[in-house]
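Colleague: Give me a 3D structure for the following:
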Amino acid sequence: MPFLFLFSLFLSLPILTLSLSSPPLLPYPYETSYRIDCGGSTNFTNTFNETWLSDRNYTGGVSALVSEPHRFIQQQEKTIRFFPISSGKKNCYNINVPNGRYYFRTFTVYDNYDGKLHSPSFDLSVEKTVVFSYRSPWPEDISKNGAYSDLFAFVDDGEADVCFYSFATDPPVIGSLEIIQIDPMSYDSSSIGTDVLLVNYGRLTCGSNSLGSGFSNDTDKFGRAWQSDEEFRVEDSILNSEGVRVLVTSNNILGTNQGPNYFPMKLYQTAVTANRVLEYDLPVDAKLDYLVWFHFAEIDSSVGGVGQRVFDILINQRNVSRVDIYKQVGGFVAFSWHYTVKNLNTTSLNVKLVPVVGHPLICGLENYALVPKDLSTVPDQVIAMRALKESLRVPDRMGWNGDPCAPSDWDAWEGVTCHTNKEKSALVVSQIDLGSQGLKGHISEQIGLLTNLVSVNLSSNSLEGTLPSGLGQKSLVRLDLSSNQLSGAIPESLTSSNLQLVLLNNNQLEGRVPEKVYSIGVHGGAIDLTSNKGLCGVPSLPPCPLFWGKGGLSTGGKIAIGLSCFILLSVGVLMVYIFCIRKGNNDYDFGLPHDLMSLAAKRNRYQRQKSMMLVEMETQNVNRFPTTLNPL
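Modeller: Numbers count the residues shown, from 1 in each chain. You can find the predicted model right below:
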């Protein structure tokens with residue numbers, strides 16, 4: 001089996017006893033499922049009536065065939081997808097699904113598809129958490145025949161993601177991927193929580209061959225595959241002499257195929273029993289917690305009462321429970337019980353059923369590693385980084401796929417640096433360094449969502465467009481956008497940041513430079529605005545004309561134009577009022593009033609008569625004394 005990364009553990013007390021009743025069966029309410037044939041070119045339906053989809057629309061990479069496809073029975077096992085280093089170190093399947101709990105199953109095989117006789121080293125993550133680590137060389141049987149691995153995980157962001165991370169230049173490889181929605185309350189999630197992945201370390205059906213999805217027509221609503229317990233059963237000389245027996249029944253078993261776990265009836269129709277101890281050894285990785293599920297059903301009709309079959313359960317030599325199946329649920333009824341193992345410091349989990357009365361019996365056994373879900377990037381920042389990927393036209397070789405920062409065990413996207421937020425609850429982007437990467441796009445406005453951004457270096461590319469207003473994060477300290485083809489004005493929003501270094505030289509920027517941006521150089525920082533199209537308004541740059549500012553007009557120009565427009569508009573309104581509105585309303589043609597005209601005419605006649613009298617008087621007094629009258 002693939003190896004997991006490691007943690008430290010110990011044994012705990014029993015958790016819960018679970019008794020299943022048999023209410024009427026209801027329709028299975030979960031319909032979302034994806035079965036993806038990795039590397040396959042067409043969709044198909046297999047012999048178990050399962051629909052498999054081509055993966056062409058779900059990821060990058062290259063498709064290939066295993067070297068000996070005739071040895072594989074199922075079609076989805078014959079094709080693979082691998083991710084060469086030209087696709088970047090990180091590649092993902094990202095599938096939109098409703099939020100909820102999902103069963104993930106992968107099939108991984110090498111089979112010398114590339115003729116190099118070198119199985120690859122890579123990690124595989126689910127929901128941003130590393131769960132499988134493949135290291136070269138693989139065991140021969142896994143390399144040649146492949147292996148299935150599965151787990152349960154919650155999806156809370158509307159996107160199920162499965163990602164691969166390459167070590168050195170090894171290309172990760174995958175044969176098939178299944179993602180199936182299940183009951184969110186299954187496997188005691190109310191106690192375990194939603195931030196834990198259950199990674200399968202053994203799912204055994206006792207006394208029968210493998211059953212379930214991909215192995216038989218026996219339906220498991222979760223899509224689980226159950227493998228035979230035979231290779232995990234410990235049968236020493238004593239056990240062999242005492243004998244292990246298989247019990248089989250065709251009777252219906254009550255309490256099966258019911259929520260929240262929907263365990264199939266077929267699981268409980270077979271069992272193994274032994275005259276003495278029943279023992280299993282399950283391979284595990286040390287330093288992890290494990291959740292162990294036991295499945296029982298009293299299917300021996302000779303046992304018909306309480307106390308006729310009683311046995312103890314020992315895990316790693318510790319007695320954790322005593323079981324009387326008939327006492328718990330009666331005959332031909334499913335009964336399951338689970339137990340958590342903690343602080344395990346060995347690579348084997350040993351389970352023993354030791355008889356007390358009669359012989360021990362078991363129908364099935366499951367063992368899951370409890371893997372804490374890793375931190376992921378703040379959702380808004382994921383949106384921002386994906387928008388930047390598109391706007392900057394980041395090449396595939398840089399591996400900008402999946403979550404920008406998670407899993408935290410891997411490097412972030414190439415050129416990206418992340419750290420945890422103040423609450424230690426999520427990851428945030430702190431630096432973007434993509435200088436001299438041949439980028440030819442523009443800077444997305446969504447960069448404003450990166451509220452923890454300290455440093456941005458996009459220098460020496462061929463970026464066009466304007467500087468986004470979102471670059472005004474208070475966290476921003478260093479900004480290098482030099483040697484691009486950026487145009488337009490320097491946004492006023494930059495004045496709200498704490499910049500200590502601003503390099504905008506060798507672009508096509510224009511307009512007035514905000515004084516606070518320029519003052520960075522005055523207060524001990526560094527700023528370079530040289531070799532731009534038309535920046536102005538600060539020392540070392542030309543003064544801005546009245547009608548020229550950072551946006552095309554200066555403040556004075558805007559005021560002057562505003563006043564002129566106001567005056568012209570006022571005059572226009574007045575003229576319209578005088579010549580159109582008032583005349584139309586009063587029929588007024590600007591003639592003098594009739595009374596005024598009459599008065600003026602009388603005054604004119606009076607003046608003429610007075611003048612004639614004066615002339616006559618002057619004539620009469622030529623030889624007399626001069627008159628002393630003055631004209632009126």
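
Colleague: show me the contacts for the closest residue to Arg322 other than its chain neighbours.
Modeller: In space, and not counting its chain neighbours, Arg322 is closest to Asp312: 5.2 Å by CB to CB, 6 or more residues apart in numbering. From N, CA and C alone the C-beta is placed, and that goes for glycine too. By CB atoms under 8 Å, 6 or more residues apart in numbering, the contact set of Asp312 is 319, 321-323, 353-354, 356.

Colleague: Val155 now?
Modeller: 97, 99-102, 127.

Colleague: what's the helix or strand for the residue nearest to Arg322?
Modeller: Asp312 is located in strand 310-315, with elements delineated by DSSP states H and E.

Colleague: Each with direction, which strands does that strand pair with?
Modeller: strand 318-323 (antiparallel), strand 348-357 (antiparallel) (DSSP bridges).

Colleague: Would you mind saying which of these lies nearest Asp528?
Modeller: strand 348-357 (63.1 Å; CB to CB).

Colleague: Would you mark the buried spots in the closest one?
Modeller: Judged by neighbour count (16 or more other CB atoms under 10 Å), strand 348-357 contains these buried residues: 349, 351-353, 355.

Colleague: measure Asn96 to Ala160 for me?
Modeller: Separation of Asn96 from Ala160 (CB to CB, to the nearest Å) stands at 8 Å.

Colleague: what's the answer for Ala406, then?
Modeller: Ala406 is 14 Å from Ala160, by CB to CB.

Colleague: can you check Pro27 too?
Modeller: Separation of Pro27 from Ala160 (CB to CB): 24 Å.

Colleague: neighbour count winner among the two?
Modeller: Of the pair Pro27 and Ala160, Ala160 is the one with more neighbours under other CB atoms under 10 Å, namely 23 against 5.

Colleague: so what's the more buried one bridging to?
Modeller: Under the criterion used (DSSP bridges), Ala160 bridges to Ile95.

Colleague: coming back round to it: using a markdown table, lay out the contacts of Asp312 together with pLDDT and distance to Ser519.
Modeller: Compiled in a markdown table, the contacts of Asp312 are given as follows (pLDDT from 0 to 100; distance: CB to CB, whole Å):
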| residue | pLDDT | distance to Ser519 |
| --- | --- | --- |
| Asn319 | 98 | 75 |
| Ser321 | 97 | 73 |
| Arg322 | 98 | 78 |
| Val323 | 98 | 78 |
| Leu353 | 97 | 78 |
| Val354 | 97 | 80 |
| Val356 | 97 | 84 |
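
Colleague: With distance to Leu504 as added columns, please give those in JSON lines.
Modeller: As requested, these are exported to JSON lines (distance: CB to CB, whole Å):
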{"residue": "Asn319", "distance to Leu504": "73"}
{"residue": "Ser321", "distance to Leu504": "70"}
{"residue": "Arg322", "distance to Leu504": "76"}
{"residue": "Val323", "distance to Leu504": "74"}
{"residue": "Leu353", "distance to Leu504": "74"}
{"residue": "Val354", "distance to Leu504": "77"}
{"residue": "Val356", "distance to Leu504": "81"}
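
Colleague: before we move on, back to that, ok, so of the contacts of Val155, who is nearest Tyr148?
Modeller: For the contacts of Val155, the nearest to Tyr148 is Tyr102 (16.1 Å; CB to CB).

Colleague: Could I get the contacting residues of the closest one?
Modeller: So, once contact is read as CB under 8 Å, 6+ apart, Tyr102 ends up touching 152-155, 160, 179-182.

Colleague: cool, and Glu414?
Modeller: Neighbours of Glu414 in contact, by CB under 8 Å, 6+ apart: 88-89, 398-400.

Colleague: make it 10 Å
Modeller: Counting by CB atoms under 10 Å, 6 or more residues apart in numbering, Glu414 makes contact with 88-90, 394-395, 397-400, 433-434, 437.

Colleague: which of the residues you listed tops the neighbour count?
Modeller: Highest neighbour count within the contacts of Glu414: Lys90, with 26 neighbours (other CB under 10 Å).

Colleague: pLDDT wise, what is that one at?
Modeller: Reported pLDDT at Lys90 in the predicted model: 96.

Colleague: how far away is Ser475 from Thr451?
Modeller: Distance, Ser475 to Thr451, by CB to CB: 7 Å.

Colleague: Mutual contacts of these two, please.
Modeller: Common neighbours of Ser475 and Thr451, using CB under 10 Å, 6+ apart, are Val428.

Colleague: quick revisit: nearest to Val131 among the buried residues of strand 348-357?
Modeller: Closest approach between the buried residues of strand 348-357 and Val131, by CB to CB: Leu349, at 18.0 Å.

Colleague: my guess is the closest one contacts Leu291, does it?
Modeller: No: with contact defined as CB atoms under 10 Å, Leu349 does not reach Leu291; the gap is 11.0 Å.

Colleague: any shared contact partners between those two?
Modeller: Counting by CB under 10 Å, 6+ apart, the shared contacts of Leu349 and Leu291 are 201, 341, 367.

Colleague: The last one: what secondary structure?
Modeller: Which is Asn367. Assigned with DSSP: H, G, I helix; E, B strand; the rest coil, Asn367 falls in the strand class.

Colleague: show me what contacts it?
Modeller: So Asn367 contacts 198-204, 232, 280, 282-284, 290-293, 341, 349, 351 (CB under 10 Å, 6+ apart).

Colleague: buried subset of these?
Modeller: Buried members of the contacts of Asn367, scored by 16+ other CB under 10 Å, are 198-204, 232, 280, 282, 284, 290-293, 341, 349, 351.

Colleague: Next step: the residues you listed restricted to strands.
Modeller: 198-204, 280, 282, 290-293, 341, 349, 351 (DSSP state E).

Colleague: Which SSE is immediately downstream of the one helix or strand Val382 maps to?
Modeller: Using DSSP H and E, Val382 maps to helix 379-391. Downstream of helix 379-391, the next assigned helix or strand under DSSP H and E is strand 416-420.

Colleague: Only C-alpha atoms, please: export that next one in PDB.
Modeller: This file holds the C-alpha atoms of strand 416-420, laid out as PDB (Å, rounded to 0.1, in the frame of the first residue of the first chain):
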ATOM      1  CA  VAL A 416       4.700  32.600  -4.500                       C
ATOM      2  CA  THR A 417       5.400  32.700  -0.800                       C
ATOM      3  CA  CYS A 418       2.800  32.000   1.900                       C
ATOM      4  CA  HIS A 419       2.400  32.000   5.600                       C
ATOM      5  CA  THR A 420      -0.300  31.400   8.200                       C
END
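
Colleague: partners of it in the sheet?
Modeller: For strand 416-420, the pairing partners within the sheet under DSSP bridges are strand 427-433 (antiparallel).

Colleague: what comes up buried for the partner strand?
Modeller: So, applying 16+ other CB under 10 Å, buried residues of strand 427-433: 427-433.

Colleague: Check which helices and strands the helix or strand just after it is in contact with.
Modeller: Per DSSP H and E, strand 427-433 leads on to strand 455-457 as the next helix or strand towards the C-terminus. When contacts are defined as 3 or more CB pairs under 10 Å, 6 or more residues apart in numbering; DSSP states H and E, strand 455-457 packs onto strand 427-433, strand 478-480, strand 501-503.

Colleague: Next, format these as JSON lines and append distance to Arg276 and mean pLDDT.
Modeller: Output for these, formatted as JSON lines (distance: least, CB to CB, whole Å; pLDDT from 0 to 100):
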{"stretch": "strand 427-433", "distance to Arg276": "53", "mean pLDDT": "98"}
{"stretch": "strand 478-480", "distance to Arg276": "72", "mean pLDDT": "97"}
{"stretch": "strand 501-503", "distance to Arg276": "76", "mean pLDDT": "95"}
